[in-house]
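> sharing a model that was predicted from the sequence below.
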2 protein chains.
Amino acid sequence: MVTIMDRPRSEGPKLRMTRQRRVLLDALRQAEGHPTADEVYRTVRRRLPRISLGTVYRNLEVLSQHGLVRKIELGTAPRRFDAEATSHYHIRCLSCGRVDDVDMRPQVTLERAARSATDYEVTGHRLDFLGLCRHCVTHGDGAGKGSGPGRPNQGGA
Amino acid sequence: MVTIMDRPRSEGPKLRMTRQRRVLLDALRQAEGHPTADEVYRTVRRRLPRISLGTVYRNLEVLSQHGLVRKIELGTAPRRFDAEATSHYHIRCLSCGRVDDVDMRPQVTLERAARSATDYEVTGHRLDFLGLCRHCVTHGDGAGKGSGPGRPNQGGA
DNA sequence: CTAGATGCAAACTGTTTGCTCCGGT
DNA sequence: ACCGGAGCAAACAGTTTGCATCTAG
């Protein structure tokens, strides 16, 4: 994302490290790909059966404000989360919705270009790629949506 | 957006031009900025008082599949629509949510870079900028969200 | 005449929130 | 002990859908 978008409103007052936050963070780090809140919820539930979805949302939000996790918001699709703190771009499979990291350096140049093209005070940018993951390319399907080739997500970032 | 994302599934079977579609299209063309479905709905309602929000959604979708309008989906924020068919980037004000066009040429180069960084078949990219619009810069407010400086949107594209 | 579009209302999904009790520091 | 956090359930916003009725071609 390469943006100040989710920057802490005025840095963090300090983060209280509760059990659920620890588990959440851990789950996100173990996660295969970039899970949605609900996926995180289902995972975390194995250790914390009484945790609520609301808590998951609240904490992923808090953790992201403290820079411990990153929110990934592509299109209108459900928000996903990433334990990776460093800036990087993502690519989403048009067919199965899976999201992966793209290993290329943030192009700050883009912002300079935008700066001269608008009268906004440009503070960041968001760049995502779209395409077909290997699985969906091989298993046919040009751009079916939900038609179920790959799982809705997950998979090595 | 510079993407094939919303391309017609297999071109158009043909588009039946109903009254509501005509009005919808027209409203979108007259629109100041990049309205949400609901904003379009409220506008169009003046001419078609009995139109339903469902119809607005259905038709904006259909029209976009036929390449007559463009969907703008930034983050998790409500989808917006654009009568402009040509590719261009957008910038969103972090403070008031307003969305404007950015007058710069699509950087196809980016896709080439991404192509060598993933094993996806890269078909497009989505690039949006974030910042503060002139109004929000002058009227203070660093990054308040919903705290209501500018209206939630609208404004010269 | 008929496939496809409309209006309406209900359903859904993802996310947020109010409240009371609980646990970290 | 105190204050923020957790759990729960209800509320929400945005978007989608089933169905009976119209209408463009």
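Received it, and whenever you're ready, just let me know what you need.
> which residue ranges of chain A form helices?
With helices called from DSSP state H, chain A shows them at A:19-30, A:37-44, A:53-65, A:109-115, A:134-138.
> can you name the residues bridging to the most centrally placed residue in chain A?
Central residue of chain A (Cα atoms, centre = their mean): A:I72, 2.8 Å from the mean position. Counting by DSSP bridges, A:I72 is bridged to A:R80.
> can I get the helices of chain A in CSV including mean neighbour count and distance to B:D82?
In short, each C-beta sits where N, CA and C put it, glycine included. As requested, those are exported to CSV (neighbours: other Cβ atoms under 10 Å in any protein chain shown; distance: least, Cβ to Cβ, whole Å):
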stretch, mean neighbour count, distance to B:D82
helix A:19-30, 17, 35
helix A:37-44, 19, 29
helix A:53-65, 18, 29
helix A:109-115, 17, 17
helix A:134-138, 16, 28
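> switch these over to JSON lines; also include mean pLDDT.
Putting these into JSON lines (pLDDT from 0 to 100) gives the following:
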{"stretch": "helix A:19-30", "mean pLDDT": "95"}
{"stretch": "helix A:37-44", "mean pLDDT": "96"}
{"stretch": "helix A:53-65", "mean pLDDT": "95"}
{"stretch": "helix A:109-115", "mean pLDDT": "94"}
{"stretch": "helix A:134-138", "mean pLDDT": "82"}
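> format the ones you listed as a markdown table; extra columns: distance to DNA strand D.
Rendered in a markdown table, the data for the helices of chain A read as follows (distance: least, Cβ to the nearest atom of the strand, whole Å):
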| stretch | distance to DNA strand D |
| --- | --- |
| helix A:19-30 | 4 |
| helix A:37-44 | 9 |
| helix A:53-65 | 3 |
| helix A:109-115 | 24 |
| helix A:134-138 | 21 |
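> reformat the ones you listed as JSON lines; add distance to chain B.
Shown next, in JSON lines, are these (distance: least, Cβ to the nearest Cβ, whole Å):
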{"stretch": "helix A:19-30", "distance to chain B": "18"}
{"stretch": "helix A:37-44", "distance to chain B": "11"}
{"stretch": "helix A:53-65", "distance to chain B": "12"}
{"stretch": "helix A:109-115", "distance to chain B": "5"}
{"stretch": "helix A:134-138", "distance to chain B": "5"}
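> out of the ones you listed, the one nearest B:M104 is which?
helix A:109-115 (5.2 Å; Cβ to Cβ).
> which strands and helices sit next to that closest one?
Packing partners of helix A:109-115 (3 or more Cβ pairs under 8 Å, 6 or more residues apart in numbering or on different chains; DSSP states H and E): strand A:121-132, strand B:121-132.
> and that helix, how far out from the chain middle?
Offset of helix A:109-115 from its chain centre (Cα atoms, centre = their mean, to the nearest Å): 24 Å.
> for that helix, C-alpha coordinates in CSV please.
In CSV, the C-alpha atoms belonging to helix A:109-115 read as follows (Å, rounded to 0.1, in the frame of the first residue of the first chain):
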residue,chain,number,x,y,z
THR,A,109,8.0,8.3,-8.4
LEU,A,110,4.3,7.8,-9.0
GLU,A,111,3.4,10.1,-6.3
ARG,A,112,5.5,12.8,-7.7
ALA,A,113,3.8,12.5,-11.0
ALA,A,114,0.4,12.6,-9.4
ARG,A,115,1.4,15.6,-7.4
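> where does chain A have low pLDDT?
Along chain A, the model assigns pLDDT under 70 to residues A:1-13, A:85, A:139-157.
> who in it is up against DNA strand D?
Proximity of chain A to DNA strand D is confined to A:15-16, A:18-21, A:48, A:50-55, A:58-59, A:62, A:76 under the rule Cβ under 7 Å from any atom of the strand.
> at 6 Å instead, please
Contact residues, chain A versus DNA strand D (Cβ under 6 Å from any atom of the strand): A:16, A:18, A:20-21, A:48, A:50-52, A:54-55, A:58-59, A:76.
> DNA strand C next: which of the residues you listed are close?
Answer for the residues of chain A next to DNA strand D near DNA strand C (Cβ under 6 Å from any atom of the strand): A:16, A:18, A:54, A:58.
> most widely separated two among those residues?
Top of the distance list for these (Cβ to Cβ): A:R16 and A:G54, 17.1 Å.
> follow-up on the earlier one: with mean neighbour count added, can I get the helices and strands packed on helix A:109-115 in JSON lines?
Listed next are the helices and strands packed on helix A:109-115 as JSON lines, based on neighbours: other Cβ atoms under 10 Å in any protein chain shown:
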{"stretch": "strand A:121-132", "mean neighbour count": "23"}
{"stretch": "strand B:121-132", "mean neighbour count": "22"}
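> quick one, which of those is nearest to DNA strand C?
With Cβ to the nearest atom of the strand as the measure, strand A:121-132 is the member of those nearest DNA strand C (15.5 Å).
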